[in-house]
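**Q** Okay, predicted coordinates and the sequence, questions at the end:
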Amino acid sequence: MDMTSLRIARWHMRRWMARMTWSWLAAGGLLAFGAGFYLSMLGPVLDDLDAMNHRLLALREEARSAEHAGTKLTQLATPGQLVAFYKYFPSERSIPDWIEKISAAAARNKLNLRQGEYQVIRDKNSKLLLYQVMLPVKGTYPNLRGFIDEVLTEVPIASLDNVKFERQKIGDEALVSTVMLTLHLGSES
């Protein structure tokens, strides 16, 4: 750009600025605010809405495909699948091995396991045997968390049913807690 065109542009700017009143400045400010609001708020929301519409179309197409495959799915649900499901669970003779893994996890996490209560529940409607274990445990909270994490990782047939915490004194680090686990096993009868 040469100097003459720059001077002409500056002259036009001064001329427009001289004509501006407060109402024009307010209108320009509102226009700038509206554009900024749109770009910062409405633009991303509209993009999200567009993505959701695409997802909805994909889900509708998936539902149509599932309707056509519905007859095939009912044919796949055979008694062989139920037998394979029950084979996943170890037999009830493996209970001592699982209890040993639970005790080892408590020892690794420096927890004091006191005598636990054990109960066998046979479900008449299924071929599973539920072996409920209630363990009174004494130790710190981080050790108790580590114990529960380790048991749920090392014993895949275990489910955590309940945990109760008690602190003897306010300043005490050690917790007296009760951990209730259920081992899901295959019944041999």
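**A** Sure thing, it's come through.

**Q** Could you grab the helix/strand/coil label for Pro156?
**A** When classified by DSSP: H, G, I helix; E, B strand; the rest coil, Pro156 comes out as coil.

**Q** Poorly predicted segments of the chain, please.
**A** By pLDDT under 70, the low-scoring segments of the chain are 1, 68-78, 189.

**Q** Just give me the longest helix of it.
**A** Longest helix in the chain, counting residues (DSSP state H): helix 43-76.

**Q** immediately after that helix, which helix or strand?
**A** On the C-terminal side of helix 43-76, the closest following helix or strand by DSSP states H and E is helix 79-87.

**Q** Domains in this structure, by residue range?
**A** 3-59, 87-186 (automatic domain parsing).

**Q** The last one: how far from the chain's middle?
**A** Its chain's C-alpha centre and that of domain 87-186 lie 23 Å apart, by Cα atoms, centre = their mean, to the nearest Å.

**Q** Now do it: distance from first to last residue.
**A** 7 Å (Cα to Cα, to the nearest Å).

**Q** what helices or strands is whichever helix or strand Met180 is part of leaning on?
**A** In the assignment (DSSP H and E), Met180 maps to strand 175-186. Where contact means 3 or more Cβ pairs under 8 Å, 6 or more residues apart in numbering; DSSP states H and E, strand 175-186 is packed against helix 95-108, strand 128-139, helix 141-154, strand 158-166. Where you see a C-beta, it was placed from the backbone N, CA and C, and this is true even at glycine.

**Q** could you give the angle of the shortest one to helix 95-108?
**A** Strand 158-166 and helix 95-108 meet at an angle of 40 degrees, taking axes from the mean of the first three to the mean of the last three Cα atoms, to 10 degrees as the criterion.

**Q** Give me the sheet partners of strand 158-166 and which way each runs.
**A** strand 175-186 (antiparallel) (DSSP bridges).
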